[in-house]
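Colleague: heads up, no residue letters with this:
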Ligand SMILES: Nc1ncnc2c1ncn2[C@@H]1O[C@H](COP(=O)(O)OP(=O)(O)OP(=O)(O)O)[C@@H](O)[C@H]1O
Ligand SMILES: [Mg+2]
């Protein structure tokens, strides 16, 4: 198993958000996580990536059998966790190129590899640009500075392509994209998929899942995964909304 | 700011000073303290002409009536001006030729990354290397002389080009200008002199490297640059000092005179020993730097990266005398631990349609105090003039202080003065974003700080910019490059 989340309970500022999340993700799979606003989807993604501030009260997160919980965020990234941010931040004055070069070379150092030279790095930038069809006229600009909402999301996918993680968690990468941009972004994500890695997409819309076809769809509700199904589950949600899920969960309780 | 982030910043802002070593050389000192006798001693050591001795004595008399200024936002401990040596020079060893430099000194400069060997062309930069009170070697003097460029130590210029020195010294910083410049007038030792003749573009960067070595001494160098009509030169200045518990005084004067259509770029990377983490030791840096844009359409740019010194008091300025002349000031000032800096610029607009730009980026960490102080004055005659000032502060701790003191004085209505100021912190979001990409928090802070200072670093000559970038990282974050 590539990524395993076991009975994860966590909160912030005394507020309990995740109440026993279980997920099992294998190599080569695409998982979608859906659920109403405020149910803890971004929280789950943040906790996997190691964002500071959360209290983990129970459970574990294992990547290839190794617990991530004791690791600082950069080490989790170096181990192969990538988070596509719902709201990417701007870093004024820092060029995309120097940012990504630092990211790649620190990761290489962690893995005992030699740093990538300037030429090899430039070649990789070019290759990946072509691969994800994201013409990074942005690469000479500062990280996300002055980017439009859509450009920021594309830039997340470009970084995904550059960093080649084991698990990519994409938090609402489709929100705010126009139809063409959605196709480009989804196409980029698909091109990054291999037999060795896995993709987790967090989304509200089944439309994205037409492009990035999931093996599993999970519904996160009230801090737990309350239902898991195939692609058809997202269609059902699209049609019926979340009320029947709520009713079902409340009925069980 | 959260505990966690404070820890990160503490960790990354605890870099060590890399140039703190002492060279063991025999040094010759003037008598201790300051007096007419000492001034005469210095002048005699340098075999100076009578007029220069008089210049010094007049300044001494004036200085003795002055008191140290206390308007800066600095907490300066009392300085006993009679408890230090005003002149310290490495004793000349008996060497094969007059031109030969003591290998010990060559080695010292090598350790500082400065090659005095012209064969090992330091990427086409001519260097004047000054240790304590004397210049030990100026490289490429001869090849520059073929273009009519004079580049040599100040002392040598006094002997070889007395008419030039006498004509221009004190033009930009008049004798008796302020407490520290007047002290320098009286006891200045060595520094560089540079004259670029009419219409000549200096083919290489010229630089002076200042090193304080001797204990119990101060450094009082003086640099004079004259750019004649239509000439151009880019000038670099670097400095370091050994790590000591005592505070050492550095009171320099730099004067630049620009004729019609001349352009000078003056870049400084100031890395004097800043003192230890508890605030003990370090250089007191009181410097007067001023350029006089005498000719029409002349242009002077000051770029400074200030990371060193326990106390920095320094306001490189431009007197824009010629019509359409341009003054620029780009500064990054970093303070950490207990360092204090009060720095900025003075732009005095006298000519018509003169233009000035001030970009100041302060970065404060630890318990340091970092102030920007700037004066923009537009004289009644300076119609159609413009100034734009932008002063930004970046805070890396909750215990540091950042302050901005802009003084604006406009005496005509056709001129425009704009001032912008911002204060920011590195956000936890930015830090986490970098970390999520595999960048350690140390490197992330370095990247963000360099990005913040980028607009100024871009103004530095290429090799110098790389050095400055490294230095920013070192002074803020251990060893990450
Ligand atoms: N710092 C915080 N302090 C208190 N509550 C928080 C904090 N951060 C998040 N929450 C709460 O945790 C809950 C889950 O938030 P989260 O952002 O994970 O939801 P989400 O499922 O991603 O929602 P959306 O679909 O709107 O993006 C919300 O109720 C939110 O208000
Ligand atoms: Mg969310």
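Modeller: Okay, I see it. Just so you know, these numbers come straight off a predicted model, no measurement behind them. Numbers count the residues shown, from 1 in each chain, chains lettered A, B, ... in the order given. Ligands and ions are numbered 1, 2, ... in the order given.
Colleague: Every contact and neighbour count from this point should use C-alpha atoms.
Modeller: OK.
Colleague: In the chain, where is pLDDT below threshold?
Modeller: The chain I'm using is chain A. Residues of chain A that meet the criterion pLDDT under 70 lie in A:135-139, A:253.
Colleague: that's the wrong chain, I wanted chain B
Modeller: Ranges of chain B meeting pLDDT under 70: B:1-18, B:20-23, B:92-106, B:108-126, B:131-138, B:212-215, B:239-245, B:463, B:473-481.
Colleague: immediately after the longest strand belonging to it, which helix or strand?
Modeller: Counting residues, the longest strand found in chain B (DSSP state E) is strand B:282-293. Sequence order places strand B:299-306 as the next helix or strand after strand B:282-293, per DSSP states H and E.
Colleague: Give me the angle between that next one and strand B:282-293.
Modeller: Angle, strand B:299-306 to strand B:282-293, by axes from the mean of the first three to the mean of the last three CA atoms, to 10 degrees: 170 degrees.
Colleague: what residues are up against the closest residue to residue B:396 other than its chain neighbours?
Modeller: Nearest non-adjacent residue to residue B:396, counting by CA to CA, 6 or more residues apart in numbering or on different chains: residue B:365, 4.8 Å away. Residue B:365 makes contact with B:13, B:334-337, B:395-397, B:399-400, B:476, according to CA atoms under 8 Å, 6 or more residues apart in numbering or on different chains.
Colleague: Around ligand 1, pick out the residues from chain A.
Modeller: A:12-13, A:17, A:36-43 (CA under 6 Å from any ligand atom).
Colleague: switch the cut-off to 8 Å
Modeller: Proximity of chain A to ligand 1, by CA under 8 Å from any ligand atom, involves residues A:11-17, A:35-45, A:53, A:86, A:171-172, A:203-204, A:220.
Colleague: Can you list the buried residues in the longest strand of chain B?
Modeller: B:282-293 (16 or more other CA atoms under 10 Å in any protein chain shown).
Colleague: which strands and helices sit next to that strand?
Modeller: Under the contact definition 3 or more CA pairs under 8 Å, 6 or more residues apart in numbering or on different chains; DSSP states H and E, strand B:282-293 sits against helix B:179-187, strand B:247-250, strand B:253-258, strand B:299-306, strand B:311-314, strand B:317-320.
Colleague: How far does that strand sit from its chain's centre?
Modeller: 6 Å (CA atoms, centre = their mean, to the nearest Å).
Colleague: cool, and stretch B:381-397?
Modeller: For stretch B:381-397, the distance to the chain centre is 20 Å (CA atoms, centre = their mean).
Colleague: what about that stretch, how long is it end to end?
Modeller: 45 Å (CA to CA, to the nearest Å).
Colleague: mind listing the strands for the stretch 1-150 of chain B?
Modeller: B:27-29, B:88-90, B:125-131, B:134-138, B:150-153 (DSSP state E, counting those that start in this stretch).
Colleague: what do you get for the stretch 151-253 of chain A?
Modeller: A:167-171, A:198-202, A:216-221, A:224-229.
Colleague: any idea how far residue B:85 is from residue B:27?
Modeller: Residue B:27 is 11 Å from residue B:85, by CA to CA.
Colleague: picking that back up, out of the strands of the stretch 151-253 of chain A, which gets nearest to residue B:74?
Modeller: strand A:167-171 (49.1 Å; CA to CA).
Colleague: got the angle between the closest one and strand A:198-202?
Modeller: Using the same axes, to 10 degrees: strand A:167-171 against strand A:198-202 is 10 degrees.
Colleague: And the residue of the stretch 151-253 of chain A closest to chain B?
Modeller: residue A:163 (7.9 Å; CA to the nearest CA).
Colleague: and the nearest residue to that residue once chain neighbours are set aside, what helix or strand is that in?
Modeller: Once flanking residues are discounted, residue A:163 sits nearest to residue A:104: 6.6 Å by CA to CA, 6+ apart. Here residue A:104 sits within helix A:96-110, counting by DSSP H and E.
Colleague: Show me which of residue B:27 and residue B:85 is the more surrounded one.
Modeller: residue B:85 (20 against 15; other CA atoms under 10 Å in any protein chain shown).
Colleague: The more buried one contacts residue B:216, correct?
Modeller: Yes: with contact defined as CA atoms under 8 Å, residue B:85 counts as touching residue B:216 (6.2 Å).
Colleague: roughly how far apart are residue A:65 and residue B:163?
Modeller: 81 Å.
Colleague: Also residue B:429?
Modeller: Residue B:429 is 61 Å from residue B:163, by CA to CA.
Colleague: Not counting its neighbours along the chain, what's nearest residue B:182?
Modeller: residue B:176 (4.7 Å).
Colleague: And the residue nearest the centre of chain B?
Modeller: The centre of chain B sits closest to residue B:268, judged by CA atoms, centre = their mean, with a distance of 5.2 Å.
Colleague: can you tell me which residues contact residue B:343?
Modeller: Taking CA under 8 Å, 6+ apart, one finds B:312-315, B:333, B:371-374 in contact with residue B:343.
Colleague: picking up where we left off before, pick out whichever of residue B:429 and residue B:163 has more residues nearby.
Modeller: residue B:429 (15 against 11).
Colleague: so where does the more buried one fall, helix or strand?
Modeller: Per DSSP H and E: helix B:428-436 holds residue B:429.
Colleague: Can you point out the buried residues in that helix?
Modeller: Buried-residue list, helix B:428-436, by 16+ other CA under 10 Å: B:430-436.
Colleague: Following element in sequence after that helix, please.
Modeller: helix B:441-457.
Colleague: Show me what that next one packs onto, helices and strands only.
Modeller: strand A:91-95, helix B:3-12, strand B:326-335, strand B:355-364, helix B:428-436, helix B:462-476.
Colleague: Let me know which of those is the nearest to residue A:27.
Modeller: Of all those, helix B:428-436 comes closest under CA to CA, at 21.1 Å.
Colleague: the inter-axis angle of that closest one versus strand A:91-95?
Modeller: Going by the same axes, to 10 degrees, helix B:428-436 makes 30 degrees with strand A:91-95.
Colleague: what's next to helix B:428-436, contact-wise?
Modeller: A:49, A:51, A:73-74, A:76-77, A:82-83, A:88-91, A:103, B:5, B:440-441, B:444-445.
Colleague: So which of the helices and strands packed on strand B:282-293 is nearest ligand 1?
Modeller: strand B:299-306 (38.4 Å; CA to the nearest ligand atom).
Colleague: could you check the angle strand B:355-364 makes with that closest one?
Modeller: On the basis of the same axes, to 10 degrees, strand B:299-306 is oriented at 0 degrees to strand B:355-364.
Colleague: Can you give the strand pairings for strand B:299-306, parallel or anti for each?
Modeller: Sheet pairing here is set by DSSP bridges, and for strand B:299-306 it gives strand B:263-270 (parallel), strand B:326-335 (parallel).
Colleague: Please identify the deepest-packed of those strands.
Modeller: Ranked by mean neighbour count, the strands paired with strand B:299-306 are led by strand B:326-335 with a mean of 27 (mean count of other CA atoms under 10 Å in any protein chain shown).
Colleague: Secondary structure of residue B:225: a strand, I assume?
Modeller: Yes: assigned with DSSP: H, G, I helix; E, B strand; the rest coil, residue B:225 falls within a strand.
Colleague: ok so, going back, how about the strands paired with strand B:299-306 in CSV, adding distance to residue A:176?
Modeller: Formatted as CSV, those follow (distance: least, CA to CA, whole Å):
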stretch, distance to residue A:176
strand B:263-270, 46
strand B:326-335, 38
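Colleague: among those strands, which is nearest residue A:179?
Modeller: Per CA to CA, nearest to residue A:179 of those: strand B:326-335, 44.7 Å.
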